[in-house]
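A.B. asks: attaching a predicted model along with its sequence, questions to come.
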Amino acid sequence: MLALLFILFAGMAIGCALAVVAQRNPLYSAISLIGVFVSLACLYVMLAAPFIAAVQVIVYAGAIMVLVVFVIMLLNVEQEERRRNRLKFLVPAAVVLAAVLIAEVAFMLQSVANPTPAVSNIGLTGSIGAQLFTRYLLPFEITSILLLMAIVGAMTLARRGGLLSSEARLVPGAQQLPLSMVDPRATPDDLTLVETDSSEEAARLLGVDPRNTERD
């Protein structure tokens, strides 16, 4: 039964991996990659590593792939056009590397064909939690502090570029202003357009001190 499940999930992982490479639409490739992650999570469950399987689904198939799909949809990446392959050596190189990978997998399967049964709690949630909060507590806390510093630094850098002094007024450069805004003597419904070619000219028409303006 376990052998059949292993063949099933391994075949799903290989098929989805081939679909990632073969698909011309990046969105379909990302969805196929989610299938690879879910298949690997099933294999981890068969290897008695439920924590790694949960992390595989939550982190990779969940958070990271949602980000990848969001970026693909945000950039509006269309289907890739077929073009003439200029680097012709990539095809034989890919075949050679695939043969090397298959040979490595065959060697590993042959070396562990008859494993000795042993009771181990490696990969279980309880053992990982116990090690994480006892033996590896200091590295775990240092990592969390580094991540917090990175988040605070990113927020600081993002805000620093958009801050203006309290006395600064932002006046666009070239634009068209209604006459009712420029001339107080004009009627409020006078929409005659007044063109300005610079921030200084717009500030002078609006009665703003040019020294307190920021250019576009």
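C.D. replies: Structure received.
A.B. asks: which residue packs closest to residue 140, ignoring adjacent ones?
C.D. replies: residue 132 (5.7 Å; C-beta to C-beta, 6 or more residues apart in numbering). C-betas here are computed from N, CA, C, even on glycine.
A.B. asks: that neighbour: how many residues sit nearby?
C.D. replies: 12 (other C-beta atoms under 10 Å).
A.B. asks: how much space separates it from residue 58?
C.D. replies: From residue 132 across to residue 58, the span is 16 Å (C-beta to C-beta, to the nearest Å).
A.B. asks: how does this structure divide into domains?
C.D. replies: The record's domain parsing of the chain by automatic domain parsing lists 1-78, 169-214.
A.B. asks: flag whichever of those has the least confidence on average.
C.D. replies: Sorting the domains of the chain by mean pLDDT places domain 169-214 lowest, at a mean of 63.
A.B. asks: ok, and what's touching stretch 63-75?
C.D. replies: 26, 27, 30, 31, 33, 34, 37 (C-beta atoms under 8 Å, 6 or more residues apart in numbering).
A.B. asks: my bad, should have said stretch 30-44
C.D. replies: Stretch 30-44 is contacted by residues 5-6, 9-10, 12-13, 15-17, 19-20, 23, 50, 52-54, 56-57, 60-61, 65, 68-69, 72, 123 when judged by C-beta under 8 Å, 6+ apart.
A.B. asks: what is the subsequent helix or strand relative to the strand or helix carrying residue 96?
C.D. replies: Assigned by DSSP states H and E, residue 96 belongs to helix 90-111. Counting by DSSP H and E, the next helix or strand C-terminal to helix 90-111 is helix 125-132.
A.B. asks: helix or strand right after that following helix?
C.D. replies: Next element after helix 125-132 (DSSP H and E): helix 137-160.
A.B. asks: that following helix vs helix 125-132, what angle?
C.D. replies: 80 degrees (axes from the mean of the first three to the mean of the last three C-alpha atoms, to 10 degrees).
A.B. asks: only C-alpha atoms, please: export helix 137-160 in CSV.
C.D. replies: Extracted in CSV, the C-alpha atoms of helix 137-160 (Å, rounded to 0.1, in the frame of the first residue of the first chain):
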residue,chain,number,x,y,z
LEU,A,137,16.4,28.9,21.7
LEU,A,138,19.1,31.6,21.3
PRO,A,139,19.5,31.2,17.5
PHE,A,140,15.8,31.3,17.1
GLU,A,141,15.4,34.5,19.1
ILE,A,142,18.3,36.1,17.2
THR,A,143,16.7,35.3,13.9
SER,A,144,13.4,36.8,15.1
ILE,A,145,15.2,40.0,16.1
LEU,A,146,16.9,40.2,12.7
LEU,A,147,13.6,39.8,10.9
LEU,A,148,12.1,42.5,13.1
MET,A,149,15.0,44.9,12.3
ALA,A,150,14.6,44.2,8.6
ILE,A,151,10.9,45.0,8.7
VAL,A,152,11.5,48.3,10.7
GLY,A,153,14.3,49.3,8.3
ALA,A,154,12.2,48.7,5.3
MET,A,155,9.4,50.8,6.7
THR,A,156,11.8,53.6,7.6
LEU,A,157,13.4,53.6,4.1
ALA,A,158,9.9,53.6,2.5
ARG,A,159,8.7,56.5,4.5
ARG,A,160,11.8,58.6,4.3
